[in-house]
Every structure is written in structure tokens, then in C-alpha cells.
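Peer 1: below: sequence and its predicted model.
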Amino acid sequence: MNNLTSRQRKLLYAVGIIVLLGPIVYLGFPVQQTPAGVASSGLGKLGRLRQEYDLGEATLGEVDPSSSVMNLVLLGLRGPAASLLHLKAIEYQEHKQWAKLRTTVDSIILLQPHYVQIWKFQGWNLAYNVSREWDKVDDRFYWVKEGIKFLQRGTSRNDTIPILEHNVGEVVDKKMGVSDEKKFFREFFLHDPDDKFKDKVTGINGPDVEINKEGIDSYLVARRHFEDANVKDDNDGLVEVKGMTHVFFRQGPVKALMNYAEALTKEGKFFGAAMTPTSVTVPVEPSAGAAENAGTTLTASIWKQAYDEWMNDYGKYQFLGLDNHKYMLNSSDAELEAMAKTNGIDVSMQRRVWNGSVDMVHYRFWRDFAETEADPVTIEAHKAFFDAKKAYAEGRGYNIVLPDGTNQISEAQRLLEISMNRWLEASAKYPKFFIDNAAYLEEALLTTRYWKAVHQNNGTTEATDYPLKAVWESKPDMHLEIDRLFLQESRGRKK
Amino acid sequence: MDFDVAPFTLQDMATSLKSWLYLIGILSALGLLISILLSVARNGAAGIGIFFKGLLSFLDDVGSVSPRRILALTNLTLKEAVRRKALLVFAVFAVLLMFAGWFLTNSNERAELQVGIHIAFILQTISWLMLPVVFFLSCWSLPEDIRIRSLHTVVTKPARRIEIVVGRIFGMGIVILIVLGTMGAIGYLWIVRQLPTEAKSQLTCRVPVFGRLQFVNPEGQPSLKGINVGDVWDFRSHIQGNTRARGVFLFDGIDDSALVMGTESAADGSGTLQVPGLKMECRFEAFRTVKGNESSIREGLQAQYTLSNNPREEAFGLFSQSETLRPLADALRDAQFRTAANRLDELAAKVSADGEAAKSRQNPELQPADYMGLQLGAVYAADVMRDRKDAALESAVTVFQKVAEEGAALINMITSSADDKAEKLPGLHEAFAISLKDLAALLNQDADVLHEHLPKLEVPLPSFHVAEYHEGASQNVKFVPRVVRFSADAETQSRLLASLFEKLNDADQLVEGEGLKSDLAEQLQSAGKISGENSRLVVDVLTEQLASGALKVNGSKLAVADGQRWFHFFDSLIQKDLLISADNEGWMIERDLITDLAHNGRLRVEVSCLNEQMYLGMARPDLFIRKPDRDFMVGYGKALVSTALMMMLIIVLGVTVSCIVKGPVALFFTFTFFIVGQFFHGFMQEILYSPTQEGMGAIASAVMTAQHRNPQVGMDVSETTQRVVQGIDAVPRAILWGFSQIVPDFSVFNSASGFVENGFDVPFAETVVPAFLICLGFLIPCVLMAGALLKFRELESK
């Protein structure tokens, strides 16, 4: 061994500690804040670097003290602890112990607050898997909200991660607008079935403010999250987004707007005020009388805005494509040439890069869709058909014999004929109207089917040259499906 | 978690005691043998004498244990524990409670989801905080006293070593009780304070009565399982909606003690009444194949309970286990006894033919399963009818019994490998066929008597929407008043009218002159509680029958002209559609839940799903009858007692081990014991007793791994090698068996918490008593062993 005495050894240790402590104290000093931000030099080098590379808890997002305490207490064992909790969570889910699943998920998050995949997976798990396990629709809605809230917490704990914010938008957009329960969910999003959201004065249930602070349509909330995600994407200094193809990621806000307009069309809400004063700026239809001018409807305004954003904001955004070559979805030939020069490739290669992405996101389809949907002719076709279906369901599909003995056609027939004429007009205006978009063809055939049903009910003979005759007769293979849709809709409405 | 634990009976206790004595005997013999050997090894031949001297001295110690000295030593241990800052655990507990809200509150906004989590947190925290204290106190205390020689001051006093051990255990036990009691009280207050107001109503202890579950398939046949809808967890079985599928729950022991007070709407609609009745709670699961209508989407699937007392189903249901016997079973269950007799004659003919076929060794018409179905069905039918203690059924019991006996003799011969099988079979077949023919003759002859004496009573209750996963929600709790009023089916209607007319006829209340009494309608209304419209209908119909000669007046009595009994007379009127209810509600009648429906204390509840293309999932504990709830404190207290018993057991183990080894070793040993008992006891049991693990020893597994073979095909080795491998594997298996017998199952102590967390009362006899017995089972031998170890060890050897 050595000849040092116990005291000498202790002194040596003390000196060693002091020597090692010096640099640690120097490097670990708190960051010096200046009016302009963080001082670029001086004490607190580690802190400065942490801030510079966004590695600090505070710069990653909201700090949860309980999470930090947990990690500290577990020393180096948080990995195994989190793994055990994951196994427990799976077991609880299989055994349908939802409360325990929820708290276990919360515990996992305390241990791994910056593990993005966990937020993504468990948020989706709660909103999709757990919610579908419940039977009653308000229970399902509760768990969808739990999933959304969980993802929202994830975004606040990981402020710099764009994909989480995008995921919040996606869950709101899809669960409220596309799921089987969309009819209820869209309503619940504005009027939560939980009585704790009941207004004491009006007695009307309001929205759950945690997910819908302003009480606006689900698509507009989704759009806001997509917009925030895009802002985070702009700020994170990366050209791509981890976890999603960038070209799909960036279309979130405009697609939410299109979905909103489409939902309004399906629900027959062509007029009225837009639901948000901030997110979507659309002209407000002043009165029902003026609404006859379909070009100024709410849906027309939204579609116009969506078209504009699709063409100019999304279309002109510079993405990285094949071999990291830049491209814009909305590019003229001149722009393609200019971009080819910037990328240092020939135009044909540039065109290939560009065309691949344009096809991938169905850029042209959505462009044309927004354009035609904003057209007053199409809107009038939709509106007349919607009103006709309503009239048919309400028994206004029967002809009336006037006091003078003449026969007045039913309101449903009148509206259906307006709709059929508008479909015809639109198809003349846009030659590939029924080819590019099967939904238009289906709606036009369904309009015709209703029109035929009205004739059948009244025992009248169809005109030999009714507006959509050529279209109807050219698609005999679709008649069966249209019949099914007709029966489904007409019976459902009557119920 | 399954809250329907198996009852712990006196018989179980006796079996456990026997195993315990057996194990203690083996361990004592082993211990004594080792001691003698050690004594001889150390002292030569004199060792035997020394051993016996020591043994006698130890037995003398045991015999002269003084409670006063134990009390003094307990007191000393208590003071030492306080001095060693064992109570500091309170500080940690307080800190955890202060910050628990960070983790628990608002983690679930729904109040009902929060109750269990809060209770689980407190019980687990108490348990996990006390464990280190108990481990350190019990394992470190004696070795430390020996090390610092403070034990010398005790042993030099006239105190026996065994008293020191007992004093230590009791002293530490008291410390633990104080700590546990205080933490429990604080925890209780914390739970009550922390829970949202709307969740506090769920802080209760439900006392469930569980039943047995069987199913009826969509074709209406009994079945052990329902439909599997593809769930990973096969805990529940599903029944198909809007079909004949049912989940059948059979509850035993339903009497007045199961009744609780509940609210029922007054018959005149004037408000509500407090009446006794049964509270039934369900937690069914819903499964949809389609979205369903708006009502079901908003409110959940619709289910319906039907309370039933159906002796025919019980008696003859087993016949339907065989496909061939189903027509017979259906006829018997529907009280079509003459049809059943025809079916039996056909079967008897087949049995005779099988006898002939047996002679010529040809294939029989009926399969062994059919014979077994007939025999078992007859046994069951005889038993059920005998249990009814009805003289009118005695002849049927005798004939069914005869069928059962002849059937048993035949089946025994069919399944035997006797040499004279071929000769004996035709005779046995013939005897069985004759017994079946006798049964058919009896059914033909006594058809009406059997129909009358095997009454089926079915009470459909109002349907309700199932609130899936809303444990204890009011939607899932149904109150059924003791006197149930329901719309009767044809059979019950016939029985009601028959019994009413028999009663009135006996009291000469039916006839007035040559006609019916003028106030008969009013009498029917008051005596039978039949509505005015239906009473008048009955009087009108009977007047017509009297006029047509179907009824006649005999003095002061009314009688059926052709001598039929009243039940069959009314049954025939109903079959002719003459008694279709004139009241829109139907034939509403009242029946008593306990006396009319729960025959011999057994209540049959059939659950059906009313929505088409939907499925309702259920397991045995998913429907239970709720006896009066107990206070939350009761269940919580029992859970704490279970925890205290677990701590006590650790103390016993820790103190025992620390009598012979040093603190760290004792700690490590006790901790290992605990970990194995807590987490791996079930695993050990699985290895030892699970059929899937049979023949799966370590060496066999290694061989199969090397050969890339699975347990289904086994090792690809010769038979001798196989035997050798199995022999080697038997050794660790035997060690594992021994270990599994010695290591206590610590999960028993935790099971009480699961009940409280889920809002159930802790079944004392099934959880706390076994926990106490385990503790006691270790306490006695451990104290003796520890006393001996401490007595014969050298205290100076630190």
C-alpha cells in the first residue's frame, strides 16, 4: 500500500474534491441573463449551451416538478421502472381496468416526459382503443377527450416538437369528424354531455374548455393545432418533421378548413356566421333573403379561402423531395426551371421530383375540389339537394291539386330539379367533373334517384329528357348501390 | 379481479391443519436428527446424552414460560423500537400524503374512477412504508443487541430465552400495530378529505352474494359457455341479443337476510314507498357488431332479468346434453309429457335394437354419450323431484331412479373390458329398454299430475340499459321488491285461476243457486288481486261454460263436467283464446320473491340482451345480489388487519432467523422469503401443478431446446434416457415442492386490499381468517425454533 497516514489520506481526498469542484462550479453557474437574452460569454457555460441547443427542461416545454422528483428518486432505474409500468398498462388495458390504465400512463409520463412516442402512442391509445371499448357514446367521447388532453399535455411538456401538436389536431379532426360516432361527437364537442359543463343560467351544456376553449367547431380547433404545429415546424430549425412526411404534415390547416366546409355542406349549413372570429376570416351572410346569391355563402367563402391557402400557402411552400431536392407543389414551368437551377439538376429531374409529390398528396384533386366547391353552381346543387331531401322526409314530396284543378309539383320535386340542373351546369362548366370526383357522380345519381322516387310516389310519368338522364343511363352498374343509399337515407331520415 | 372467492370452510381448515401437522412433524424430526448428529460429532458418544439433557432443559423452558416476564420483555422491545426511531416512518408517510395529490388528483376527472385509486394508494403506501421498518427491526434487533452485549443484561436475569423471543415478537408487533393504526386513521381521513364530493357516496363496502353461471345458447339449449367475441381476455362469455340465448345465474341461500329496503312506486301512483326487496347489481360488458339505434348508442345496450322458478328446467335440462335426446328434453321441459313418452318409446326401441346389435357385434344406433345423457338425466331428474318432497311425484322419482340404475349398469358394462361383455350386454340393454318403457308409461299416465306439480314460474322484470364499466352506477343496480307484480304467461295464469277457484270452491263462494255468485267478479278482484276487467271476463267466460254444460253445479260446489282438474280446465280455456286479457297491462299478478321464486333458497336469474346483433358479456361475478352495504370503515379495517398480519409474519420470520445469524444475513434471508412468497408463490404452484408444465424439468427443457423441439412432441431420446432425465429433474422439483410448502403465500395478505379498492366488503372468513392461520402456523414453530436457537447459541460469538 502506501505510507500515508489516515489524516494525510483524508487531506488528499479533500484537495481532490476541491480541485474537481472548481470546474464544476465554474461551468455549472447559472446563466447570466441580459436584456437581450442570454449572455454569450461569462459564467454558466453549461447552462448557456443547454439553452443554445434546447436541452434544458425549461426549453423543452413546461416543467413538471413531480416528474423531476420521480426521476431523481429513482436514480438510474427509471428505464426499468418505466418498462414495468408499460407492462402494467398493457395488462390493465387487457383486463379493462381503465382507471388504473390512466394512472399508470400518467406515471409513465412522469418518468419519461420527453419520450415523444409514448405521448403519441398513449394519446392515440386512449382516444381510439380505449374509447371504442366503452359502449355508450358519451363514455366514448370522454375517452376521446382523455386522449386529446393527454396529447395536449404532451405538447406543453414538449413545446418544440411539431408532430405532437399536429397529432392533437389530427385526433380532433378525425375522431370528431370521421369516426362512426361523428354525429354525436361533433355535437358533444360544442355541448359536452357531462353535466359539469352545464351553464347555471341557461341550463345549456357548454364545451369542455380544456379542448375547446372558445366553443368553436371541431375542425376549426383542429386547424388551430395544425397551424401551431406548422409554426413549431418553422421554428425548430429542421427541414423535415420527425414522424411524418413533411408534405403531408404541412397541409394540416388547409385540409382542416376543407373538412370544415365539407362538413357544413353535408349538414346543410350553407349560411350563417363562421364559428370563429380569429382562425377563419369569412364574410358573414347577413340574412336568409340575401342568401339566394350562393356565391356569398359561408361555405363558398371557406372554400375560396381554402383554395387560396392550398394554392399560395401550401402550394408555394418549399419542400425537400427526392435526394433532398427542393420543390414547390404549385409551380409554373418557369418556377420549375428556376428551382432546377437552385438544386443544380436538369428540369426533367426537377419535374420528376415535383410530380411525384404532387401525385402523392393528390394536389390537383384537392385544388379542383376546392375550386368547384367554391363555385355558386355547385353550392346551389348541394343546397337544393339537401333541401329536397328534407322536404321529401317531411312529406313535402307529394304533388298538390290546386283549387282550379291544376296539378302543382311537390316542393321536393322542384328542388330536386333545381339540383339536377345545377349538377348538369357544373358538369358542363368543368368537363371532368364526374370523372375526377366520384362523390359528385354519386350525389348527382342520388339526386336523380330521389327525383324518380318522387315521381313513383305521385304516380306521375318522368319527363323523357330529364336533366341528368344521360348520366343516369351511362352508369347502370351504380344503380344498385344508389338504391341502397337511397333506402338507407330515406328510411333513416324518416326515423 | 375476481371478487367471488372460494369459501374457506371448516373442512378446509381441518385439511390445512393436517398438512401443517404433517409438515411440522417432518421438520421437527429432521431438526432433532441433525441436532443429535451435530452433538455426536462434537462430543462423541456423550453427545447423545448432552442432546437429551439440552432437549429436556428446553422443554422445561417452554413449560415454565411466564406471561409477566414476557410482558416486561415486550415493554423493553417497545422502548427500544422507539429509541431506534422506528416511528420516523410517520414523517415519510406525512410527506407522501402531502404530495400524493400531485399524482392522484385530477388524473381522472370522473369521480367514480378516482375512488379505487385513492384507496389503493393509501393501502399500498402503508404497506410499502412499513415493510422496511419491519425488516430492519425484526432482523437487526437481536443481532445488534448481541453485538453490543446489551442482551447480556437480559439473559443474566431469570428470563428464559424463549421468553426473549416471544417478548421481541410481541413488542415489535405492538409497535407495528401502533404505526399501522395511526397511519390507517390518517389514511382514512385523507381518503375522505381528498375525494371529490360526488365520489364520496361510493366509499362503501358492498356485500355481494355471488351465484353460479351457466348459459343457454341461441337455440335455447343449456351450455357451459357463451360466445367468444374475440376478446384477448376470456374472462367473460357473451350472449347474443334478441335470441333465446341467456346467461343463467343461480343464487343459493336467498332468504329474508338478503333483503334490503328500497324504493318502489306506489301502485296508485301517489308517490314512492319503502319496501323490502333484493338489490341486484351487474357489471356486464357490451359488444356490438353494428352501431345500433340512437337510443342504444346514447344509453347503452338493453338487458332484461327474468326471475324464474322452473323445476322442469332443473330436472330435465341435463337430457339436452346429447343431440339425440334433445327432442325428449324439449318435450319434458315444455311439460309435454305425452310427447316425451313417445320419444322414450322410440329410444327404448333403439336401446333394444342396440342389444341385438351387440350380440352380432354390429354398430349401435345410440352412442355412449346418449346412454350417459339418459342415465345422468334420469339421476338428476329423480334428485330434483325428490328434493321437492311432493307425494304426487314419488312414483315418478322411483321410475326415474330405476332408469338411472339400469342405465348405470349398462354403461359400466359398455365401458368395461370384461371378457363376457358381449354375452351380458343384450340383457342389460333389454333391462334398460324396459325401464325406459316403464318411464314412458308413467309419463303417459301421470302427465297431468306432473304438469300440475312441476310448475314453471317466470317473472320478467322491466328492461334496463347497461352502463358498461360504470361499477356501482345506479343504472346497473336494480331493486326488485319482495312482492313482484308482473304480467303472467299462460301457465301461471292457469295456475293462478285454478288455485283461486279451488280456494273459493272450498269456501262455497262460487255458486249461488244454479249459477255463479253475483259478486264473484269482486271476490276474484279482492282475493286474487286480478284487475276489474279480467275478473269480469273470467265470470263471463265461466257463465258461458256453465250454460254450455262444460261446468256443472253440485250442491254448493262448482265442478268441471268431465272431471278435469281446475288447472287443466283453465289451461284449455286459455289454449282456446277465451281468456285473453281484457286489461291492457295483461294478466298482472303478484308473487313473493322468497317464497314463490327462491325455492329452497335458490333463485334463478336469467339475463337476456334485447338488441339484435349485439352481445352482452358476463362472467360469474358480474351479477350479484347486494346484501345491506357495510360502512367503508369495516372493509378498510379488515384490509389493515390483513396488512398487520403480514407484518407480524415478517417479524416472526425475521426474529427467528436473527436468533442464529447476523443482521445483514437475517435481513437478506427474510427479504428473499418475502419476495418469493409475494411474487413467485403462484409461479411455483404453476410449475408444480399446472398440466402444461408436466415433465418440463430443467434438463428436459435443455434437451428439447438443443433439439429444437417443443413440449408437445417431447424429447427425441430413448426411453431409458427419458427416464434418467426425468429422474434427475425430479430432484429440483422435489426441492421446489418442499420450498413451496415452507414459503408462505404473501399475496393472501394483499387480497383484502383488492376488495376495498373495488368497493366490496372483505369476506372475513375467506381472507382474514386464512391470513391469521398462516401467521399462527408460522408463529408456533418459529417461536420454538427461535427459542432453541437462542438457547444453544454462544452469545459471545458475535
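Peer 2: Here it is on my side, so go on. Residues are numbered from 1 along each chain as shown, chains lettered A, B, ... in the order given.
Peer 1: what's near enough to touch B:G759?
Peer 2: For B:G759, the contact set (Cβ atoms under 8 Å, 6 or more residues apart in numbering or on different chains) comprises B:V115, B:G116, B:Q202, B:T204, B:C205, B:R206, B:E471, B:G472. For the C-beta atoms, the positions are set from N, CA and C on the backbone; glycine is no exception.
Peer 1: where in the chain is pLDDT low?
Peer 2: Looking at chain A here, since you left the chain open. Residue ranges of chain A with pLDDT under 70: A:1-2, A:30-44, A:51-75, A:272-296, A:492-495.
Peer 1: right idea, wrong chain: chain B
Peer 2: For chain B (pLDDT under 70), the answer is B:1-4, B:86-87, B:89-90, B:93-113, B:692-695, B:795-798.
Peer 1: which strand in it runs the most residues?
Peer 2: Assignment by DSSP state E gives strand B:272-282 as the longest strand of chain B.
Peer 1: that strand packs against which elements?
Peer 2: For strand B:272-282, the packing partners by 3 or more Cβ pairs under 8 Å, 6 or more residues apart in numbering or on different chains; DSSP states H and E come out as strand B:260-265, strand B:477-481, strand B:603-609, strand B:623-631.
Peer 1: could I get the buried residue list for the helix or strand B:A547 falls within?
Peer 2: According to DSSP states H and E, B:A547 maps onto helix B:532-548. Residues of helix B:532-548 classed as buried: B:N534, B:S535, B:R536, B:L537, B:V538, B:V539, B:L542, B:Q545, B:L546 (neighbour count, 16 or more other Cβ atoms under 10 Å in any protein chain shown).
Peer 1: mind giving me the packing neighbours of that helix?
Peer 2: Helices and strands touching helix B:532-548, by 3+ Cβ pairs under 8 Å, 6+ apart, are strand B:515-516, helix B:520-528, strand B:551-554.
Peer 1: counting by contacts, list what the first one packs against.
Peer 2: Helices and strands touching strand B:515-516, by 3+ Cβ pairs under 8 Å, 6+ apart, are helix B:532-548.
Peer 1: next helix or strand past whatever helix or strand B:Q375 lives in?
Peer 2: Assigned by DSSP H and E, B:Q375 belongs to helix B:368-387. The helix or strand immediately downstream of helix B:368-387 is helix B:394-415, counting by DSSP H and E.
Peer 1: off-centre distance for that next one?
Peer 2: Average the C-alpha atoms of helix B:394-415, do the same for its chain, and the two points are 32 Å apart (Cα atoms, centre = their mean, to the nearest Å).
Peer 1: and residue 139, what does it touch?
Peer 2: In the absence of a named chain, chain A is used. By Cβ under 8 Å, 6+ apart, the contact list for A:D139 reads A:S131, B:E468, B:Y469, B:H470.
Peer 1: my question was about chain B
Peer 2: Counted by Cβ under 8 Å, 6+ apart, B:C139 has contacts B:G654, B:V657, B:S658, B:G663, B:A666, B:L667, B:F669, B:T670.
Peer 1: which parts of chain A sit against chain B?
Peer 2: Within reach of chain B by Cβ under 8 Å from any Cβ of the partner chain, chain A has these residues: A:65-66, A:69, A:94-96, A:98-100, A:102-103, A:106-107, A:110, A:133-139, A:142, A:180-181, A:184.
Peer 1: report the buried members of those residues.
Peer 2: For the residues of chain A next to chain B, a burial check counting by 16+ other Cβ under 10 Å picks out A:96, A:98-100, A:102-103, A:106-107, A:110, A:133-139, A:142, A:181, A:184.
Peer 1: quick one on the thing from earlier: buried ones in the helix holding B:Q375, by neighbour count?
Peer 2: For helix B:368-387, by 16+ other Cβ under 10 Å, it's B:370-382, B:384-387.
Peer 1: can you state the direction angle for that helix and helix B:394-415?
Peer 2: Using axes from the mean of the first three to the mean of the last three Cα atoms, to 10 degrees, one finds that helix B:368-387 and helix B:394-415 are set 150 degrees apart in direction.
Peer 1: contacts for helix B:368-387, please.
Peer 2: Contacts for helix B:368-387 (Cβ under 8 Å, 6+ apart): B:311, B:314-319, B:321-322, B:324-325, B:329, B:332, B:347, B:393, B:396-397, B:400-401, B:403-404, B:407-408, B:410-411, B:414-415, B:432, B:436, B:439, B:454, B:600.
Peer 1: also near chain A: which of the residues you listed, exactly?
Peer 2: Within the set of these, contact with chain A (Cβ under 8 Å from any Cβ) is found for no member.
Peer 1: just the buried residues out of these, in PyMOL syntax.
Peer 2: With 16+ other Cβ under 10 Å as the criterion, this PyMOL line picks the buried residues out of these:
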select buried, chain B and resi 311+314+315+316+317+318+319+321+322+324+325+329+332+347+393+396+397+400+401+403+404+407+408+410+411+414+432+436+439+454
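Peer 1: in the stretch 601-750 of chain B, which residue sits nearest chain A?
Peer 2: Among all residues of the stretch 601-750 of chain B, B:M614 sits closest to chain A, at 9.1 Å; criterion: Cβ to the nearest Cβ.
Peer 1: quick check: that residue touching B:A286?
Peer 2: Yes - contact criterion Cβ atoms under 8 Å: B:M614 and B:A286 qualify, at 6.8 Å.
Peer 1: give me the common contacts of the two.
Peer 2: With Cβ under 8 Å, 6+ apart, B:M614 and B:A286 have common neighbours B:L301.
Peer 1: ok, back up a step: secondary structure and neighbour count added to the contacts of B:G759, as a markdown table?
Peer 2: Listed next are these as a markdown table, based on DSSP: H, G, I helix; E, B strand; the rest coil; neighbours: other Cβ atoms under 10 Å in any protein chain shown:
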| residue | secondary structure | neighbour count |
| --- | --- | --- |
| B:V115 | helix | 27 |
| B:G116 | helix | 21 |
| B:Q202 | coil | 18 |
| B:T204 | strand | 18 |
| B:C205 | strand | 20 |
| B:R206 | strand | 23 |
| B:E471 | coil | 17 |
| B:G472 | coil | 19 |
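Peer 1: neighbouring contacts of stretch A:428-436?
Peer 2: A:F365, A:D368, A:T372, A:D375, A:V377, A:A426, A:S427, A:Y440, A:L441, A:A444, A:V471.
Peer 1: who wins for neighbours among those residues?
Peer 2: A:A444 (27 neighbours; other Cβ atoms under 10 Å in any protein chain shown).
Peer 1: mind listing what that residue touches?
Peer 2: Per Cβ under 8 Å, 6+ apart, neighbours of A:A444: A:A381, A:M420, A:W423, A:S427, A:F434, A:L468, A:V471.
Peer 1: out of the residues you listed, the closest to chain B would be?
Peer 2: A:A381 (29.4 Å).
Peer 1: wait, doesn't the closest one sit right on A:S419?
Peer 2: Yes - counting by Cβ under 8 Å, A:A381 does reach A:S419; the two are 5.1 Å apart.
Peer 1: can you list residues touching both of these two?
Peer 2: Counting by Cβ under 8 Å, 6+ apart, the residues touching both A:A381 and A:S419 are A:T447.
Peer 1: who's more crowded, those two?
Peer 2: A:S419 (29 against 26).
Peer 1: which positions in the helix or strand hosting that one come out as buried?
Peer 2: Under the criterion of DSSP H and E, A:S419 resides in helix A:411-429. Judged by neighbour count (16+ other Cβ under 10 Å), helix A:411-429 contains these buried residues: A:411-427.
Peer 1: tell me which residues of the next helix or strand after it come out buried.
Peer 2: Scanning forward in sequence from helix A:411-429 by DSSP H and E, the next helix or strand is helix A:433-436. Residues of helix A:433-436 classed as buried: A:F433, A:F434, A:D436 (neighbour count, 16+ other Cβ under 10 Å).
Peer 1: could you pull out the helices in the stretch 201-350 of chain A for me?
Peer 2: Taking DSSP state H, counting those that start in this stretch as the criterion, the stretch 201-350 of chain A contains helices spanning A:218-235, A:246-249, A:252-266, A:298-308, A:333-343, A:347-360.
Peer 1: wait, which of the ones you listed is closest to B:A6?
Peer 2: When the helices of the stretch 201-350 of chain A are compared by Cβ to Cβ, helix A:218-235 sits nearest B:A6, at 50.7 Å.
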